[in-house]
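**Q** sharing a model that was predicted from the sequence below.
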Amino acid sequence: MIVDRRKFLAASASGLAVAGLASWRTLAADLELGPSALLRGALDSAELAALPGKVALIKRTWRPPNFETPVSWFTQAFTPNDAFFVRYHLAGIPEVAAQDWRLAIGGDSLARPYQLSLAQLRSEFEAVELNALCICSGNRRGLSSPHVGGVQWGYGAMGNARWKGVRLKHVLERAGIQKEALEVVFDGADAGVLDKTPDFIKSIPAWKAMDENTLLAYEMNGEALPHWNGYPVRVVVPGWTATYWMKHLTSIQVVRQPERNFWMATAYRIPKGKFALVDRFVSQETETNTPITEMVVSSLITNLEPGQRFGAGATVDVTGVAWDSGFGISALEVSMDGGRSWRPAELGADLGRFAWRQWRYAMPEARPGNYVVMARASNRIGSSQTYELNFNPAGYHNNVVQRIEIQVG
Amino acid sequence: MKRMAVLAILVAAPALGDESQVTLKAGEGRELVAGNCSMCHSLDYIQMNSPLFDRKGWEASVAKMMKVMGAPIREQDVPAIVDYLNAHYGK
């Protein structure tokens, strides 16, 4: 987007979001590399770059690769595979050959451990399809105030896709899952560069593994999974944040003791009682904290940029997406006056309770002036978004209502 | 899955060649930092997380890399590494 310098200065003078000459860089960054509230180093080190097989995404880190989807892609109901965000913890990422891939199913709470080839997984179980939002636990971490360490994500560590695969439940039932089963542990083909680095291994409660919506997916939006999104098979845990959606899955262990590795016992934890969540992960709870579980109610405005100007009499449409953990979005309200008054937006097609919901709001009369646009989603159990950050040390679950200043006339 | 790690590096490295553009600020200790930290991750992790940590924060970060992630950083190199990070990427 080309910004006219005189208009830019006029916008600064009138007190819009842009502040001062130093904002040239910030304004450009706002449009492409993330919101201006990100750490300066996060904006400065970001760039648009394409991994093999991907379109240009926002590079946060090269190795391991962490690439964020620019918000403009979220105007589409389904996020294209080649624009889908990429997130890895460890830099050892093999390209798995389909014919060599084997999935080991074992553990001390299974009667009959076995293994599957990709052909067997695809042919021996009922295939199911499900639309679900995949969202990084740390999406919007970069907006945390105060800032916290980690990948400094803006709004784009998420994507909505149609997943095809088999029910994990069916795979476990074939193995004779036993009543002592407490957790189901996933490992993928990726690993640290050093032997001493804790391998990325994640577990979910046995009840969640047996939920009919938890899948082992081999397709995404009608195609094989992209390498960077977990080829050939990844776990899909609808409603829960993506940390459990193990990519390049190679092993499933059904166990009667809690998994204690670093990625479960220390990482991906939230303070107990801080968020009004429904799903507990009892076997992993401590006195003070608990693993992150389901995503919180949230929304995103996808078509407005901070400081954007519209001509007098222009029709201003506000569009976006809203989501929750699977209860379903019941309403999306838009405010044009900084939260003083709210109007309902029109909800788009229901793509399923685990998918995001598109919405649209047509501003009634665009009289000249400054507007502070906000969007607030609610779900069917009465949860909504927060106005003030629920601060937590790892910067998870940021669902603060956005404020975007625009100008008409 | 540990056994695949060596293969993985061979496969992943050429695809991510643009990491070579990342340049840390000049200063005493830069080579020490680059050499140690880039064993496991690109150096843009340092830039991205700045300015965020004070000296204590960088000490904790380096300690985490050693104790949790298993980075083979020599104890005697830690002060110089923390000095550099704090001086050039500190709060």
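**A** Yes, it's here. Numbers count the residues shown, from 1 in each chain, chains lettered A, B, ... in the order given.

**Q** please name the nearest non-neighbouring residue to B:Gly29.
**A** Once flanking residues are discounted, B:Gly29 sits nearest to B:Tyr84: 3.2 Å by Cβ to Cβ, 6 or more residues apart in numbering or on different chains. From N, CA and C alone the C-beta is placed, and that goes for glycine too.

**Q** so where does the one you found fall, helix or strand?
**A** Using DSSP states H and E, B:Tyr84 sits within helix B:78-89.

**Q** so which bits of that helix are buried?
**A** Across helix B:78-89, burial judged by 16 or more other Cβ atoms under 10 Å in any protein chain shown covers B:Val78, B:Ile81, B:Val82, B:Asp83, B:Tyr84, B:Leu85, B:Asn86, B:His88, B:Tyr89.

**Q** could you double-check that the second one lies in contact with B:Ala34?
**A** It stands for B:Ile81. No. Counting by Cβ atoms under 8 Å, B:Ala34 is not a contact partner of B:Ile81; they are 10.2 Å apart.

**Q** and the helix or strand hosting A:Leu133, how far out from the chain middle?
**A** Assigned by DSSP H and E, A:Leu133 falls within strand A:128-135. Relative to the mean C-alpha coordinate of its chain, strand A:128-135 is positioned 12 Å out (Cα atoms, centre = their mean, to the nearest Å).

**Q** quick one, whichever helix or strand comes after it and strand A:128-135 angle?
**A** Using DSSP H and E, the helix or strand that directly follows strand A:128-135 along the chain is strand A:158-167. On the basis of axes from the mean of the first three to the mean of the last three Cα atoms, to 10 degrees, strand A:158-167 is oriented at 150 degrees to strand A:128-135.

**Q** so which residues make contact with strand A:158-167?
**A** A:69, A:77-79, A:81, A:83-85, A:121-122, A:125-136, A:139, A:212, A:214-222, A:233, A:236, A:321, A:351, A:355-356 (Cβ atoms under 8 Å, 6 or more residues apart in numbering or on different chains).

**Q** ok, A:Ser266 - contacts?
**A** I think there's a mix-up here, since residue A:266 is Thr and not Ser. By Cβ under 8 Å, 6+ apart, the contact set of A:Thr266 is B:Val68.

**Q** what do you get for B:Leu43?
**A** Counting by Cβ under 8 Å, 6+ apart, B:Leu43 makes contact with B:Glu19, B:Val22, B:Leu24, B:Val33, B:Ala34, B:Cys37.

**Q** so the fourth one makes contact with B:Asp83?
**A** No. With contact defined as Cβ under 8 Å, B:Val33 does not count as touching B:Asp83 (9.7 Å).

**Q** so for A:Ala37, what's the pLDDT?
**A** pLDDT, the model's per-residue confidence, is 96 for A:Ala37.

**Q** tally up the residues packed near the closest residue to it other than its chain neighbours, please.
**A** Spatial nearest neighbour of A:Ala37, chain neighbours left out: A:Leu143 (5.3 Å); criterion: Cβ to Cβ, 6+ apart. Counted with other Cβ atoms under 10 Å in any protein chain shown, residues neighbouring A:Leu143 total 20.

**Q** check A:His89 too.
**A** Residues near A:His89, counting by other Cβ under 10 Å, number 19.

**Q** tell me which element it falls in.
**A** Here A:His89 is assigned to no helix or strand, by DSSP H and E.

**Q** which residues does it contact?
**A** Contact analysis of A:His89 by Cβ under 8 Å, 6+ apart lists A:Pro64, A:Asp190, A:Phe200, A:Trp263.

**Q** in chain B, which spans are helices?
**A** For chain B, applying DSSP state H gives helices covering B:5-15, B:30-37, B:44-48, B:55-67, B:78-89.

**Q** identify, out of these, the most deeply packed stretch.
**A** Counting by mean count of other Cβ atoms under 10 Å in any protein chain shown, helix B:44-48 has the highest mean neighbour count of these, with a mean of 25.

**Q** does any part of that helix sit near chain A?
**A** Yes. Using Cβ under 8 Å from any Cβ of the partner chain, helix B:44-48 reaches chain A at B:Asp44, B:Tyr45, B:Gln47, B:Met48.

**Q** looking at the residues you listed, which two lie furthest apart in space?
**A** Set against one another by Cβ to Cβ, the residues of helix B:44-48 next to chain A have their most distant pair in B:Tyr45 and B:Gln47, with a gap of 7.5 Å.

**Q** follow-up on the earlier one: CA atoms only: put the helix holding B:Tyr84 into CSV for me.
**A** Output in CSV follows, covering the C-alpha atoms of helix B:78-89 (Å, rounded to 0.1, in the frame of the first residue of the first chain):
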residue,chain,number,x,y,z
VAL,B,78,28.5,-17.1,30.1
PRO,B,79,29.4,-13.6,31.5
ALA,B,80,30.7,-12.4,28.1
ILE,B,81,27.6,-13.7,26.3
VAL,B,82,25.3,-12.0,28.8
ASP,B,83,27.3,-8.8,28.6
TYR,B,84,26.9,-8.7,24.8
LEU,B,85,23.2,-9.5,24.8
ASN,B,86,22.5,-7.0,27.5
ALA,B,87,24.6,-4.3,25.9
HIS,B,88,23.1,-4.7,22.4
TYR,B,89,19.7,-6.3,22.8
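
**Q** do you know how far the most centrally placed residue in chain B is from A:Ser383?
**A** Centroid-nearest residue in chain B: B:Cys37, 2.5 Å away (criterion: Cα atoms, centre = their mean). Distance, B:Cys37 to A:Ser383, using Cβ to Cβ, to the nearest Å: 41 Å.

**Q** what of A:Pro64?
**A** To A:Ser383, A:Pro64 is 33 Å away according to Cβ to Cβ.

**Q** out of these two, which sits in the busier spot?
**A** Taking other Cβ under 10 Å, A:Pro64 and A:Ser383 do not tie; A:Pro64 has more neighbours (24 against 20).

**Q** find the closest residue to chain B in the stretch 301-409 of chain A.
**A** Per Cβ to the nearest Cβ, A:Gly395 is where the stretch 301-409 of chain A lies closest to chain B, at 11.4 Å.

**Q** I'd say that residue and A:Gly150 touch.
**A** Yes. A:Gly395 lies in contact with A:Gly150 (Cβ under 8 Å); the separation is 6.2 Å.
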